[in-house]
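# Got a predicted structure plus its sequence, pasted below:
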Amino acid sequence: MKKLRDFLSRFYWQIGVDLGSRNSRFYIKDKGIILEEPTAVVRLIKKIKGRIKFLIFGQMAREIINREPGRIEVVLPIVRGAVSDLLALEELTTYFLDKIGQTPDKYPKIFKPKIVLAVGSSISEVQRRAYISVFNQTGIRDVSVVLSAVAGAYGAGFDISLGGAIMVVDVGYGKTEVSLISLAGLVVSRSIDIGGDDFDEALVTYLKMRYGFLIGKNSAEKVKIEGEGVVRGRNLETSLPKSLRISKDEIIESGSLLCSKIVRLIKGVLDEMPTEMSDEVLKRGILMIGGGCQFGNLTK
């Protein structure tokens, strides 16, 4: 029976999926991450014959945020880890799967792929079903759901089948989740609506208040990721274009209040943690995942 399953598995993709508020990632077994693009889509504001017309997906859609003309809009179908526009997410997922279908392989893919989908620890059952329905709409019925914290711990090399406690801090684009897991299950989990997007907004506000200098969130995100650099924006006093060099210390200072809130959330979970697990967390430390965990001195 196992030999038959192994033989049949050559004719369909086994895909791991992370649909994030900022980026979506698709991983194919034995091939690695083969697609990573922003979770964004452009559509016409006015319906055509009662139907919504979608125009651009992924990276190209993200690039025109705050630059779109009046007749179109950029939609982010996932906000703070929850599905905010189901139809847009279905269209975007179909687009991603079509791109994945073009991946070359020596065996023809004649069956629908099997999906392992990572979701946040704090989402409701309704939201969980919404994520699954997105793939069901494309004809994929075999969809397994795993918690992002569990997937992150497994990917970091922890043996999640053992009973030891693992603390995972997932700092995403729109939400931070702190989870304590054991035996691949959730012991304690808490979340806060703070993520990479809020760090971008904090930097925009910081420069506006300190220098009277206005930049867009895309520029803020870019310099935040680079750690320092020159940004171009507008002098609010003269309304003229201007360039300004931002240091690493200024970026860290702009997000210090948000970092403090995340630290307080972690302390709250540690306070709820069963006493028997304290020793294991002390030995293993805290596993930080998600793009936002790279911000400034958050790990310290």
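Noted; the coordinates are in hand.

# Could you break the protein into its assigned domains?
Under the assignment automatic domain parsing, the domains of the chain span 11-141, 159-300.

# Of all those, which one is nearest residue 152?
Closest of those to residue 152 is domain 159-300, at 4.0 Å (criterion: Cβ to Cβ). Glycine gets a C-beta too; all of them are placed from N, C-alpha and C.

# which outside residues touch stretch 111-121?
For stretch 111-121, contacts defined as Cβ atoms under 8 Å, 6 or more residues apart in numbering pick out 8, 11-19, 81, 97, 100, 127-128, 131-132, 135, 139-149, 151, 170, 172, 175, 177, 179, 186, 189, 191.

# go with 7 Å
Outside stretch 111-121, the residues that touch it by Cβ atoms under 7 Å, 6 or more residues apart in numbering are 11-18, 81, 128, 131, 135, 139-140, 142-149, 151, 175, 177, 179, 186, 189.

# and if you look at stretch 13-25?
Taking Cβ under 7 Å, 6+ apart as the rule, stretch 13-25 contacts 26-29, 33, 36-39, 78-81, 96, 100, 109, 113-118, 131, 172-174, 196, 291.

# Strands along the stretch 51-200 of the chain, start to end?
Taking DSSP state E, counting those that start in this stretch, the strands of the stretch 51-200 of the chain run over residues 54-57, 72-75, 78-79, 82-83, 114-119, 143-147, 166-171, 176-182, 185-192.

# Can you say which of those is nearest to residue 208?
Short answer: strand 72-75, nearest of those by Cβ to Cβ, at 22.8 Å.

# Which positions within the closest one qualify as buried?
Residues 72, 74, 75 are the ones in strand 72-75 that count as buried (16 or more other Cβ atoms under 10 Å).

# Now stretch 103-110 - C-alpha only, PDB.
This file holds the C-alpha atoms of stretch 103-110, laid out as PDB (Å, rounded to 0.1, in the frame of the first residue of the first chain):
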ATOM      1  CA  THR A 103       6.600  24.500 -12.400                       C
ATOM      2  CA  PRO A 104       8.600  21.900 -14.400                       C
ATOM      3  CA  ASP A 105       8.800  18.300 -13.200                       C
ATOM      4  CA  LYS A 106       9.600  15.000 -14.800                       C
ATOM      5  CA  TYR A 107       6.200  13.600 -13.900                       C
ATOM      6  CA  PRO A 108       2.900  15.000 -15.100                       C
ATOM      7  CA  LYS A 109       0.700  16.400 -12.400                       C
ATOM      8  CA  ILE A 110      -2.600  14.800 -13.200                       C
END
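
# Tell me where the stretch 51-200 of the chain is predicted with low confidence.
Within the stretch 51-200 of the chain, the set of residues satisfying pLDDT under 70 is empty.

# closest to residue 281 out of the strands of the stretch 51-200 of the chain?
Taking Cβ to Cβ, strand 166-171 is the member of the strands of the stretch 51-200 of the chain nearest to residue 281, at 5.2 Å.

# Take the domains of the chain and write them to CSV, including distance to residue 2.
Formatted as CSV, these follow (distance: least, Cβ to Cβ, whole Å):
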stretch, distance to residue 2
domain 11-141, 15
domain 159-300, 20
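
# For residue 4, which of those domains is the nearest?
Nearest to residue 4 among those is domain 11-141 (11.9 Å), distances taken as Cβ to Cβ.

# so what's residue 62 up against?
Per Cβ under 7 Å, 6+ apart, neighbours of residue 62: 38, 40.

# Go through stretch 252-259 and flag the buried ones.
By neighbour count with 16+ other Cβ under 10 Å, stretch 252-259 contains the buried residues 254, 255, 258, 259.

# Now go through those and say which are in helices.
Judged by DSSP state H, these include 254, 258, 259 as members of helices.

# How much space separates the residue lying closest to the first one once chain neighbours are set aside from residue 62?
I take that to be residue 254. Nearest-residue entry for residue 254: residue 206, 3.6 Å, with adjacent residues in sequence omitted and distances by Cβ to Cβ, 6 or more residues apart in numbering. Using Cβ to Cβ, to the nearest Å, residue 206 is found at 23 Å from residue 62.

# before we move on, back to that, arrange the buried residues of stretch 252-259 in TSV, one row each, with distance to residue 48 and pLDDT as further columns.
Output for the buried residues of stretch 252-259, formatted as TSV (distance: Cβ to Cβ, whole Å; pLDDT from 0 to 100):
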residue	distance to residue 48	pLDDT
254	43	93
255	43	92
258	42	94
259	46	93
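
# for these, which one is nearest residue 87?
residue 258 (32.1 Å).

# picking up where we left off before, just the buried subset of the contacts of stretch 13-25, please.
Judged by 16+ other Cβ under 10 Å, buried ones among the contacts of stretch 13-25: 26-28, 37-39, 78-81, 96, 100, 113-118, 131, 172-174, 196.
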